[in-house]
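Engineer: predicted model and sequence follow; I will ask about them next.
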Amino acid sequence: MQAQPPEATLQFDIGSTDDSLERMIELFAEHGDIYRVYVPARQSHTYVIHHPDDVKRVLVSNHRNYTKGLGLDRVKILLGKGLMTSEAELWTRQRYMMQPFFHRRVITQFAEVIGTANSQLLTRWDDLARRGEPVNLTDEMSSLTLEIVLRAIFGHDLERMSQELGGNPFEVVTKEQGRNLQFAFKFRSLTKLVAGLIERRRREKQEHFDYVAMLMTARDKDSGAPMSERQLIDEILTLVVAGHETTASGLNWTWYLLSQHPEAEARLHAELDAVPDETAPSLPEMERLAYTQQVINEALRLYPPGWLLSRRTVQPDVLSGYEIPAGANVLLPLYLLHRHPRYWQDPDTFFPERFAPEHEAQRPRFAYMPFAAGPRHCIGETFALYEMLMHLHRIARHFRLVHVPDKPIELEAQINLRTRYPLHMRLERR
Ligand code: HEM
């Protein structure tokens with residue numbers, strides 16, 4: 001029997017309490033790469049890991065020995081058995097069927113969708129800037145990314161649904177900040193709406209280019225069977241949630257960091273001003289914005305929206321030389337991995353240049369992973385990066401955002417890492 005990792009003197013439900021991040025920062029400083037916490041409510045230990053080799057083992061080389069862990073039950077109420085929450089054969093089948101829809105060739109075809117949403121934002125911000133009114137950036141980013149992902153999923157039917165229901169039925173996702181059972185109930189009522197849409201699409205047989213259409217045409221590679229209606233609904237609602245808050249939070253932090261670092265902002269402006277001001281640039285064009293990408297990478301390093309991954313062992317495993325029993329919860333706090341002082345110089349400093357190709361080789365591959373890694377890494381990574389690049393490309397060329405320090409900058413580390421209070425920004429025309 002191998003030794004057990006150091007144990008925190010504190011006993012609490014790590015990963016599930018509101019102050020988990022604060023406590024994890026302290027526990028990491030005290031214990032380093034691996035420790036365990038006894039959770040009285042579960043009568044078991046939860047293990048917390050920060051070493052890139054262990055992270056690689058859990059997510060990649062020994063991933064078969066892990067299922068998703070803590071916190072997933074709450075998410076399941078919302079998302080049923082969609083890609084984020086499913087396991088084993090169901091997950092493998094679904095991922096295999098859905099992977100092609102997230103290929104670069106498909107993603108670049110959402111240029112119009114993303115471009116139009118940003119154009120509308122620009123018009124609105126122009127108006128606010130003229131009147132000297134600050135924007136609630138946090139709400140704006142939430143609405144923008146929701147609009148984009150809903151258009152990508154439902155295409156023109158989004159208008160139809162909004163008209164029939166006298167408003168965007170999915171707004172509950174941004175308007176209600178609480179992530180409690182009441183929210184879950186309202187969210188699940190969207191199920192009926194989506195079922196109605198699927199039914200209508202089956203009847204009308206019109207061509208569409210959106211995720212509903214793609215998912216409806218997907219076929220299992222062995223049986224040739226389509227997804228059941230229940231499965232379609234779960235996958236659609238999963239994309240709504242997974243594809244919106246994370247990107248919104250990434251952009252919210254990116255703008256905040258830019259507003260605090262005028263040199264980085266000036267470099268970003270120089271790069272953006274040198275390319276054409278297109279509404280719908282292609283994915284390859286956006287990927288050529290090297291510094292803009294570094295800014296995004298650095299924002300996602302400091303504030304990874306999915307800040308805590310959780311897994312559970314199937315069989316016992318050995319991490320950092322310590323025995324981890326079967327059925328144990330293992331937490332991977334990306335927030336701390338991304339600030340590990342062994343791999344990052346001045347880890348708390350915003351320094352986008354650290355992502356320049358010449359510096360990339362200085363750290364292990366598994367020290368940075370805002371989109372996770374291995375078979376269950378984010379399926380929407382390319383979509384999210386394209387969306388963030390297009391947004392900065394379009395907006396930062398026309399506006400500087402100046403932070404209005406009306407509230408302290410505090411972290412709210414729940415499922416996503418958000419700012420506790422909305423950020424307000426004064427818009428300066430460039
Ligand atoms: C900046 C934006 C985003 C970030 C930081 C992010 C991060 C992540 C992370 C860390 C995971 C892994 C979770 C885990 O293993 O426990 C994940 C999974 C996932 N993400 Fe994203 N995501 C983003 C945007 C998106 C978008 C735009 C979509 C869809 C349009 C999306 C759809 C998904 C789905 C479906 C999964 C589950 C994949 C699976 O288990 O097979 N995400 N994401």
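Structural biologist: That came through fine. Numbering: from 1, shown residues only.
Engineer: pick out the residue of the stretch 201-350 of the chain closest to the ligand.
Structural biologist: Residue nearest to the ligand within the stretch 201-350 of the chain (CB to the nearest ligand atom): Gly243, separated by 2.9 Å. Placement of C-beta: from N, CA and C, glycine included.
Engineer: go on, the stretch 301-430 of the chain?
Structural biologist: For the stretch 301-430 of the chain, CB to the nearest ligand atom, closest residue to the ligand: Gly380, 2.2 Å.
Engineer: and the helix ranked longest in the chain, which residues are buried?
Structural biologist: When the chain is parsed with DSSP state H, its longest helix is helix 111-130. Under the neighbour-count criterion of 16 or more other CB atoms under 10 Å, helix 111-130 has Ala111, Val113, Ile114, Gly115, Ala117, Asn118, Leu121, Leu122, Trp125, Ala129 buried.
Engineer: go through the residues you listed and name the one nearest the ligand.
Structural biologist: Ile114 (10.9 Å).
Engineer: skip the chain neighbours and tell me the closest residue to that closest one.
Structural biologist: Met390 (4.9 Å; CB to CB, 6 or more residues apart in numbering).
Engineer: sheet-wise, list the partners of the helix or strand following the longest helix of the chain with their directions.
Structural biologist: Proceeding N to C from helix 111-130, the next assigned helix or strand is strand 135-136, under DSSP states H and E. Partner strands and pairing direction for strand 135-136 (DSSP bridges) are strand 424-429 (antiparallel).
Engineer: CA atoms only for the partner strand, dumped as PDB, please.
Structural biologist: This file holds the C-alpha atoms of strand 424-429, laid out as PDB (Å, rounded to 0.1, in the frame of the first residue of the first chain):
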ATOM      1  CA  HIS A 424     -19.000  48.800 -16.200                       C
ATOM      2  CA  MET A 425     -16.900  50.400 -19.000                       C
ATOM      3  CA  ARG A 426     -16.800  53.900 -20.500                       C
ATOM      4  CA  LEU A 427     -16.700  53.700 -24.300                       C
ATOM      5  CA  GLU A 428     -14.100  55.900 -26.000                       C
ATOM      6  CA  ARG A 429     -14.300  56.100 -29.800                       C
END
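Engineer: and that strand with helix 111-130, angle?
Structural biologist: 90 degrees (axes from the mean of the first three to the mean of the last three CA atoms, to 10 degrees).
Engineer: spit out the contact partners of the residue sitting nearest the centre point of the chain.
Structural biologist: Central residue of the chain (CA atoms, centre = their mean): Thr246, 3.1 Å from the mean position. The neighbourhood of Thr246, defined by CB atoms under 8 Å, 6 or more residues apart in numbering, consists of Pro305, Gly306, Ala384, Asn416.
Engineer: need those in CSV with distance to the ligand, can you?
Structural biologist: What follows is the contacts of Thr246, written out as CSV (distance: CB to the nearest ligand atom, whole Å):
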residue, distance to the ligand
Pro305, 4
Gly306, 3
Ala384, 4
Asn416, 9
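Engineer: and those as JSON lines, adding secondary structure and neighbour count?
Structural biologist: Shown next, in JSON lines, are the contacts of Thr246 (DSSP: H, G, I helix; E, B strand; the rest coil; neighbours: other CB atoms under 10 Å):
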{"residue": "Pro305", "secondary structure": "coil", "neighbour count": "23"}
{"residue": "Gly306", "secondary structure": "coil", "neighbour count": "21"}
{"residue": "Ala384", "secondary structure": "helix", "neighbour count": "25"}
{"residue": "Asn416", "secondary structure": "coil", "neighbour count": "18"}
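Engineer: which two among those residues are spaced furthest apart?
Structural biologist: Ala384 and Asn416 (13.0 Å; CB to CB).
Engineer: got the CA coordinates for the longest helix of the chain in CSV?
Structural biologist: Written as CSV, here are the backbone C-alpha positions of helix 111-130 (Å, rounded to 0.1, in the frame of the first residue of the first chain):
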residue,chain,number,x,y,z
ALA,A,111,-18.7,34.1,-39.9
GLU,A,112,-21.9,35.9,-40.9
VAL,A,113,-23.7,34.9,-37.7
ILE,A,114,-20.8,36.1,-35.5
GLY,A,115,-20.3,39.2,-37.7
THR,A,116,-23.9,40.3,-37.6
ALA,A,117,-24.1,40.0,-33.9
ASN,A,118,-21.0,42.2,-33.5
SER,A,119,-22.3,44.8,-36.0
GLN,A,120,-25.5,45.1,-34.0
LEU,A,121,-23.4,45.6,-30.8
LEU,A,122,-21.3,48.2,-32.6
THR,A,123,-24.4,50.2,-33.6
ARG,A,124,-25.8,50.1,-30.1
TRP,A,125,-22.4,51.1,-28.5
ASP,A,126,-22.1,54.0,-30.9
ASP,A,127,-25.3,55.3,-29.6
LEU,A,128,-24.3,54.9,-26.0
ALA,A,129,-20.9,56.4,-26.6
ARG,A,130,-22.5,59.5,-28.2
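Engineer: elements contacting it?
Structural biologist: helix 137-154, helix 381-395, strand 424-429 (3 or more CB pairs under 8 Å, 6 or more residues apart in numbering; DSSP states H and E).
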